[in-house]
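Just to be clear, the model below is a prediction. Sequence and coordinates:
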Amino acid sequence: MQEWISVWVSEESGLAGLFAASFLASTIIPLSSEAVLFGYLKLYPGQLPVALALATLGNTLGGLTSYALGRLLPERTRKKLDPRVLEKLRRYGSPLCLFAWLPLVGDALCIAAGWLRLNWVAVTAFTAAGRLARYWVVAQGALL
């Protein structure tokens, strides 16, 4: 079966597909970028560093798209929040983006980070670290 798939998916087109799937999966589109990474590494195990980098980059950029959308939300909606809750979100906000890879919750975390105008550099770093860790675990499973 792998031989048949590898006829249709070259290393280069597979990397482009992996990047696209990773980006789209970090939006509200129900797509499993983990499955795409797993399958790609089964076909091309020697591409581990590039595949990890592209999957992480694509997924992180998708999360930052959600962050940007959150920044577009009107600030007046913040007044409806309990000030104590808002302070906790501001205090722990960026590190919570380590969990931005989680289904459903991750999108909300990225949108909330943008809405709260959290530092985008910190959000990017925590988001990328969490997503890289997740993809690393998937990659290790694929290479067994």
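That came through fine.

how far away is residue 73 from residue 116?
According to CB to CB, to the nearest Å, residue 73 and residue 116 sit 10 Å apart. Heads up, the C-betas are built off the backbone N, CA and C, glycines and all.

Between these two, which is the more surrounded one?
Neighbour totals were compared for residue 73 and residue 116, and residue 116 leads with 19 against 14 (other CB atoms under 10 Å).

need the contact list for the residue positioned nearest the centre of the chain.
Taking CA atoms, centre = their mean, the centroid of the chain lies closest to residue 59, which sits 3.3 Å from it. Taking CB atoms under 8 Å, 6 or more residues apart in numbering, we find residue 59 in contact with 22-23, 25-26, 33, 101, 131, 135.

Secondary structure element holding it?
Per DSSP states H and E, residue 59 falls inside helix 48-71.

roughly how far is that helix from the heart of the chain?
5 Å (CA atoms, centre = their mean, to the nearest Å).

Averaged pLDDT, stretch 123-135. What do you get?
Average pLDDT, stretch 123-135: 97.

again with stretch 54-62
96.

send the alpha carbons of it over as CSV?
The C-alpha atoms that make up stretch 54-62 are tabulated as CSV, following Å, rounded to 0.1, in the frame of the first residue of the first chain:
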residue,chain,number,x,y,z
LEU,A,54,6.7,22.6,8.4
ALA,A,55,3.9,21.0,10.4
THR,A,56,4.8,23.2,13.4
LEU,A,57,5.1,26.3,11.3
GLY,A,58,1.8,25.7,9.5
ASN,A,59,-0.1,24.9,12.7
THR,A,60,1.4,27.9,14.5
LEU,A,61,0.6,30.3,11.7
GLY,A,62,-3.0,28.9,11.7
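
Brilliant, that's me finished.
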